[in-house]
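Student: sequence isn't available, so here's the structure alone:
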C-alpha cells in the first residue's frame with residue numbers, strides 16, 4: 001500500500017509540474033505577444049485605435065472559447081488540449097514575423113487569441129480536479145503565481161532580443177521555441193500516459209444550464225464577475241494616474257514592477273489563507289481592503305505611498321484570483337465536472353474583464369482618471385456582497 005501511495009503521489013506531482021510549465025509558457029508568451037505591438041505599430045504605421053482593436057479582438061476570444069474549451073477538455077483531455085494550444089500560439093508568433101500589413105496582424109492575433117483563450121478555463125479545472133480539498137487554495141495560489149514568473153521573465157528577455165535582431169526575427173524565434181516545447185511535452189505525455197489520467201469516474205455528466213442553476217455556483221460566478229470589474233483593468237490605467245501625479249515616464253516601469261511583485265505575493269499568500277480561514281472570509285476581507293486602498297491610491301501624491309499602495313493593490317487585485325477559483329471548485333464539488341463549471345465561470349467573468357476597459361475609459365474621458373479608480377473601488381466593495389451570500393448558501 002505504501003509503494004502504491006508513493007507511486008500515486010509521483011504521478012500527481014508529474015501532473016502539477018507539467019501544468020505549471022504550460023502556465024509559465026502561456027502567460028509569458030501571452031504578455032510577450034502584446035508587447036510586440038508597439039514595435040509592429042511603428043513599422044506598419046498603425047494608429048492607437050488599430051492597436052487597441054487588436055488587443056480587444058484577442059481578449060474577446062477568452063469569452064468566446066470559455067465554454068468550448070471546457071467541452072473539448074472533457075473529450076480529449078485537459079493537458080492534451082493545452083499542449084495543442086501551445087502549438088497554435090507558436091504558429092501565431094511565427095506568422096506575426098511575416099506580417100506585411102494590418103489585416104495580417106488581425107489574423108495572427110486571432111490565431112494567438114485562440115491558443116491563449118482556452119488555457120485558464122482548463123488549467124483551473126485541472127488544479128481543482130487534482131488537488132485535495134484541504135489544499136486547493138494553496139494549489140490555486142501556486143498555479144496563478146507561476147504565470148506571473150512567466151510574464152516577468154519572458155517579456156524582459158523579449159525586449160533585449162528585439163534590440164539585437166528586430167521584432168520580426170524575435171517573434172519567429174519565440175514561435176519556434178513554443179513549437180519545440182509543444183513537441184517535447186507531447187513526447188512526455190505519450191510516453192507516460194498513466195501520469196495524465198484524470199478522475200473521470202468521479203465526474204457526473206451535467207450540462208451548462210444545470211451548472212448555472214446551482215445557487216452556490218451562481219454566487220461564486222457573480223463574485224468573480226465583480227472582482228474582474230474591480231481589478232482586471234487597474235494595471236492598464238495605473239500609468240495614466242501616475243503621470244497625472246507627476247511621476248516621470250522613465251519610472252513607470254519601476255512602479256509596474258512593484259505591482260507585479262504584489263501580484264506574486266498575493267497569489268501565494270491569499271491562496272494559503274483560503275485553506276486556513278475559508279474562501280468567503282478571505283475574499284470579503286481582501287475586497288474591502290482593495291476598495292479602501294484604491295481610494296487611498298487615487299488621492300495620494302507621495303511617491304513613497306504610491307510604491308507601498310502599488311504593492312498592496314497588487315496583492316489584493318490579483319491575489320483574489322486564487323480565492324474566486326477555489327470558490328468555483330467548492331461549488332462544483334458535488335458533480336465533479338470542473339471543466340464545464342470553469343468554462344461557464346470563465347465565460348461570465350471574462351465579460352467583466354472585456355467591458356471594464358471600455359467603461360473605465362469612458363469615465364476617465366468624461367470625469368477624469370481618478371473617477372475610474374473610484375469606480376473600481378466601488379466594484380470591489382460590491383463584489384463582497386455575493387461572496388457573503390456564497391458563505392450563507394448550503
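Tutor: Arrived safely. Computed from a prediction, not measured in an experiment: that's the story for all the values here.

Student: so which strand or helix has the residue nearest the centre of the chain?
Tutor: The C-alpha lying nearest the average C-alpha coordinate of the chain belongs to residue 120 (C-alpha atoms, centre = their mean; 6.5 Å). Here residue 120 is covered by helix 119-130, with elements defined by DSSP states H and E.

Student: ramachandran coordinates for residue 300?
Tutor: phi -110, psi 150 (degrees, to the nearest 10).

Student: contact partners for the closest residue to residue 214 other than its chain neighbours?
Tutor: With sequence-adjacent residues excluded and distances taken as C-beta to C-beta, 6 or more residues apart in numbering, residue 214 is closest to residue 331, at 6.4 Å. Yep, even glycine has a C-beta here, placed from its N, CA and C like the rest. Contacts for residue 331 were tallied using C-beta atoms under 8 Å, 6 or more residues apart in numbering; they are 214, 216, 217, 219, 220, 341, 390.

Student: domains for this protein, by residue range?
Tutor: Here the domain parsing of the chain from automatic domain parsing is 2-191, 208-392.

Student: what would those look like in CSV with mean pLDDT?
Tutor: Listed next are the domains of the chain as CSV, based on pLDDT from 0 to 100:
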stretch, mean pLDDT
domain 2-191, 81
domain 208-392, 84
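
Student: and those domains, which is most packed in?
Tutor: domain 208-392 (a mean of 20; mean count of other C-beta atoms under 10 Å).

Student: helix 119-130 and whatever helix or strand residue 320 lives in, what's the angle between them?
Tutor: Per DSSP H and E, residue 320 falls inside helix 303-331. Angle, helix 303-331 to helix 119-130, by axes from the mean of the first three to the mean of the last three C-alpha atoms, to 10 degrees: 60 degrees.

Student: before we move on, the earlier item: okay, and the residue lying closest to the residue nearest to the centre of the chain once chain neighbours are set aside sits in which element?
Tutor: Using C-beta to C-beta, 6+ apart and skipping the chain neighbours, the partner closest in space to residue 120 is residue 346 (6.2 Å). In the assignment (DSSP H and E), residue 346 maps to helix 338-367.

Student: residues making contact with the helix or strand just after that helix?
Tutor: The helix or strand immediately downstream of helix 338-367 is helix 369-392, counting by DSSP H and E. Residues outside helix 369-392 that contact it (C-beta under 8 Å, 6+ apart): 216, 219-220, 222-223, 226-227, 229-231, 233-234, 237, 240-241, 244, 278-281, 283-284, 287-288, 290-292, 294-295, 297-299, 327, 331, 359-361, 363-364.

Student: give me the subset of the residues you listed lying in helices.
Tutor: Using DSSP state H, the subset of these located in helices is 216, 219-220, 222-223, 226-227, 229-231, 234, 237, 240-241, 244, 279-281, 283-284, 287-288, 290-292, 294-295, 297-298, 327, 331, 359-361, 363-364.

Student: report the distance from the helix holding residue 120 to the chain centre.
Tutor: How far helix 119-130 lies from its chain's middle: 12 Å, per C-alpha atoms, centre = their mean, to the nearest Å.

Student: one step back: where's the residue nearest to residue 120 relative to residue 73, distance?
Tutor: From residue 346 over to residue 73 the distance is 12 Å, taken as C-beta to C-beta, to the nearest Å.

Student: overlap in contacts, those two.
Tutor: Overlap of the contact sets of residue 346 and residue 73 (by C-beta under 8 Å, 6+ apart) consists of residue 121.

Student: returning to what we had before: what inclination does the helix holding residue 320 have with respect to helix 338-367?
Tutor: 150 degrees.

Student: by how many degrees do helix 303-331 and helix 279-298 diverge?
Tutor: Per the same axes, to 10 degrees, the angle that helix 303-331 makes with helix 279-298 is 160 degrees.

Student: off-centre distance for helix 303-331?
Tutor: Its chain's C-alpha centre and that of helix 303-331 lie 12 Å apart, by C-alpha atoms, centre = their mean.

Student: same question for stretch 32-45.
Tutor: Taking C-alpha atoms, centre = their mean, one finds the center of stretch 32-45 at 22 Å from the center of the full chain.

Student: ditto for stretch 131-148
Tutor: Relative to its parent chain, stretch 131-148 has a centroid offset of 13 Å by C-alpha atoms, centre = their mean.
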